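K.L.:
Sequence and predicted model, in that order:
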Amino acid sequence: MIKNIIFDIDGTLINTTHVNMKGLQSVLEKEKIYKTIEELTDYDGLPSSVTLSQLKIDNLTEVEKKWHDYVQDHKDEFTIYYAIPTILKLLSKDYKLSLVTSRNKKEVAYDKKLNHIMAYFDGLICYDDTKEHKPHPAPLLKAINQFDYKPEETIYIGDSIYDYQAATSAGIRFFKAAWGNKDFDLVAPNIHLKTPIDLLMYLN
């Protein structure tokens, strides 16, 4: 029986992909690295430091700050996906809701769009809270342990392959937020959700 629902943030609750990837593209171009948005989307869902490490950026701290500054300057372009506030309000009556994200606490705090829906969540696990990060299962395991739930009582809703891998490693059933437009396949018993409303339909 499902008692505990964990959500990813970016690409699941908040549409941030375009801003994040445009920011990444911008800072990479200053480092003479040229990639299309489509190529960079493969990194969406990873912590920024991990992304830049994989892209072999030498002055990682400086570039990461420039990337964060770009996103901060364009945060007003973030949008909450359709129907998400209503769905969270309904789910919060019957389930424990929490967040597991690759954002750090500062990145969560500066998102005014996210602040509109934070009241529905009882828990938050950020990049700062664990030594290992998605696709490692540690953040998800910390999220379920803080409320003393079991993996079989929990589902994780996310949009990236890293979310899926983390959930699988944690023994948690994964629901793919397909409205985030990431292209990867699922293996049963994991669930593909075409729209946020499909989550309500499934749980009911």
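P.N.:
Looks like it arrived, so ask away. A quick note: this is a predicted structure, and the numbers were derived from the prediction, not measured.
K.L.:
can you list the domain ranges for the protein.
P.N.:
For the chain, automatic domain parsing gives the domain ranges 4-15+79-203, 17-77.
K.L.:
Same list (these) but as TSV, adding mean pLDDT.
P.N.:
Formatted as TSV, these follow (pLDDT from 0 to 100):
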stretch	mean pLDDT
domain 4-15+79-203	94
domain 17-77	91
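K.L.:
out of those, deepest packed?
P.N.:
Counting by mean count of other CB atoms under 10 Å, domain 4-15+79-203 has the highest mean neighbour count of the domains of the chain, with a mean of 18. Just so you know, the C-beta spots here come from the backbone N, C-alpha and C atoms, and that holds for glycine as well.
K.L.:
Span of that domain from start to end?
P.N.:
Using CA to CA, to the nearest Å, one end of domain 4-15+79-203 lies 12 Å from the other.
K.L.:
repeat for stretch 132-142
P.N.:
For stretch 132-142, the end-to-end distance is 11 Å (CA to CA).
K.L.:
Pull the distance from that stretch to the chain's centre.
P.N.:
12 Å (CA atoms, centre = their mean, to the nearest Å).
K.L.:
hmm, who's touching it?
P.N.:
Residues from elsewhere that reach stretch 132-142, judged by CB atoms under 8 Å, 6 or more residues apart in numbering: 6, 45-47, 50, 100, 102, 125, 127, 129-131, 154, 156, 161-163, 165-167, 169-172.
K.L.:
same thing but at 6 Å, please
P.N.:
For stretch 132-142, the external contacting residues (CB atoms under 6 Å, 6 or more residues apart in numbering) are Pro47, Val100, Ser102, Ile125, Thr130, Tyr162, Gln165, Ala166, Ser169, Ala170, Ile172.
K.L.:
now swap in stretch 154-166 and tell me
P.N.:
Contacts of stretch 154-166 (CB under 6 Å, 6+ apart): 2, 4-8, 11-12, 45, 134-135, 137, 140, 144, 167, 172-175, 177, 180, 182, 184.
K.L.:
hmm, back to that, could I get the contacts of stretch 132-142 as CSV with distance to Gln54 and secondary structure?
P.N.:
Output for the contacts of stretch 132-142, formatted as CSV (distance: CB to CB, whole Å; DSSP: H, G, I helix; E, B strand; the rest coil):
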residue, distance to Gln54, secondary structure
Pro47, 11, coil
Val100, 21, strand
Ser102, 13, coil
Ile125, 22, strand
Thr130, 19, coil
Tyr162, 12, helix
Gln165, 15, helix
Ala166, 17, helix
Ser169, 19, helix
Ala170, 23, helix
Ile172, 25, coil
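K.L.:
Next, format the residues you listed as CSV and append distance to Leu28.
P.N.:
Shown next, in CSV, are those (distance: CB to CB, whole Å):
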residue, distance to Leu28
Pro47, 16
Val100, 27
Ser102, 19
Ile125, 29
Thr130, 27
Tyr162, 20
Gln165, 25
Ala166, 26
Ser169, 30
Ala170, 32
Ile172, 33
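K.L.:
So which of those residues is the closest to Ile57?
P.N.:
Pro47 (13.4 Å; CB to CB).
K.L.:
This structure: helices as residue ranges?
P.N.:
Applying DSSP state H to the chain gives helices spanning 17-30, 37-40, 48-54, 60-73, 84-91, 105-109, 112-115, 138-145, 161-170, 196-203.
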